[in-house]
Every structure is written in structure tokens, then in C-alpha cells.
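Undergrad: A structural model of the following input is requested.
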Amino acid sequence: MSRIGRMPIAVPAGVTVDIAENNKVTVKGPKGTLERVLPAEMDIKLEGAEVVVSRPNDLKKMKSLHGLTRTLINNMVVGVTQGYEKKLEVNGVGYRAAKAGKKLTLSLGYSHPVEMEDPEGIETVVEGQNIIIVKGIDKEKVGQFAAEIRDKRRPEPYKGKGIKYADETIRRKVGKTGKK
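TA: So this is what the prediction gives:
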């Protein structure tokens, strides 16, 4: 039995969960509203102050969808209450980040500055010149935009220059050694 799928999702005070036909789940909370259409095979019920997800049978596909569905609903509940954030660090001489309005400007050693616009529902904050924090209520969008920023200049293994996640460790390589 799916251990994650079986766990009920506690709905905190101030959060409303609506389950419409075709398993369209809408979660409203203090930080905003999220909605998502979940797999139709799963049975999603609101029992008191918790959401319970159950599956119709024990086919492999249903087992995998069971835990996924529960986790997606839980991420929506956490998103509208606490929100999500990802921290990125810009490392390298002359590499910096700046924010003007909704535009994030990155100087990454290219001949031009890289400009990125904040997508809908996502906010970026620049701390100092080299820390970028991506915030939002949708875990998927926060992770995606953080990955797009990181892709502009991935960290390289010799000097560690580039954009990395704050909790990421870069495997360093030893450079060339001189001839004797």
C-alpha cells in the first residue's frame, strides 16, 4: 500500500479545498489560489478538516498515481499557506544580479547582460549582488523558473563560477599541472 498516498492531508484554518467534477481541485488560502486537474481515476474526498486520497485498485499505474496525487494536493496546501522559495547564488568575478521592477538583469561574463522577466505568480528578490531568491505559491513554477535562471550560466567544475542553488555542492576538478 502506498504509504504516502494513505496519509490524510490536514487542511489548516483559513484554507478551503474544493473538489469539482473530473477531480479539479481548487485550494484557496491566505497567499492565493491554486487549481489543478488531477488524475480522474483517483478518489479524492474532503472529510472534515482533511483530504483523503484513495485508489480504485492495485494496478501498478494506480499505485504510482496514488502517492503522486496526494503529494500534489499537499504541495498546493503548503503553497497557499507558507509558499515556496528557492535560493540561488551567483559566483564569479564580475558576475552579478540586479532587479528593476519585474526585470532581473544578470551579468554573467557574456558580451551582453541577460534579462529575465518574472513570470505570472513568481517573484524574484536580489539580496546583495549575488543572491537571488525565487518565491511563489506554486512549487512547480518556482522550481522551473529557478532552473531557467541557473541554466543561463551553470556552475563549472574548475573554479565554481556560475549560478548554483544555495544548497548545491559542486564537484570540483583539479586543473592542469605544469610540465617538469
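Undergrad: So what pairs up with residue 44 in the strands?
TA: Under DSSP bridges, the beta-bridge partners of residue 44 are residue 53.
Undergrad: same thing with residue 29?
TA: Under the criterion used here (DSSP bridges), residue 29 is bridged to residue 32.
Undergrad: And for residue 163?
TA: Assigned bridge partners for residue 163, using DSSP bridges, are residue 90.
Undergrad: most centrally placed residue in this protein?
TA: Most central in the chain under Cα atoms, centre = their mean is residue 143, positioned 3.0 Å from the mean C-alpha point.
Undergrad: residues near the closest residue to it other than its chain neighbours, how many?
TA: By the measure of Cβ to Cβ, 6 or more residues apart in numbering, the closest residue to residue 143 outside its immediate chain neighbours is residue 86, 6.5 Å from it. C-beta here means a position set from N, CA and C on the backbone, and glycine is covered the same way. Residues lying near residue 86 (other Cβ atoms under 10 Å) number 22.
Undergrad: quick one: which helix or strand includes the residue nearest to the centre of the chain?
TA: When elements are defined using DSSP states H and E, residue 143 is found to belong to helix 139-151.
Undergrad: again with residue 79
TA: With the criterion set as DSSP H and E, the secondary-structure element containing residue 79 is helix 60-81.
Undergrad: For that helix, give me every contacting residue.
TA: For helix 60-81, contacts defined as Cβ atoms under 8 Å, 6 or more residues apart in numbering pick out 2-5, 7, 9, 11-12, 14-15, 17, 25, 27-34, 36, 38-39, 41-42, 44, 51, 53-56, 84, 136-140.
Undergrad: and if you look at stretch 21-40?
TA: Counting contacts by Cβ under 8 Å, 6+ apart, the residues touching stretch 21-40 from outside are 14-20, 42, 44, 65, 68-69, 72-73, 76-77, 79-83, 121, 137-138.
Undergrad: switch to 6 Å and redo it
TA: Contacts with stretch 21-40, where a contact means Cβ atoms under 6 Å, 6 or more residues apart in numbering, come from 14-19, 44, 65, 69, 76-77, 79-81, 83, 137.
Undergrad: And the buried ones among those, selectable in ChimeraX?
TA: With 16 or more other Cβ atoms under 10 Å as the criterion, this ChimeraX line picks the buried residues out of the contacts of stretch 21-40:
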select :15,17,44,65,69,76,77,79,80,81,83,137
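Undergrad: This completes my enquiry, with thanks.
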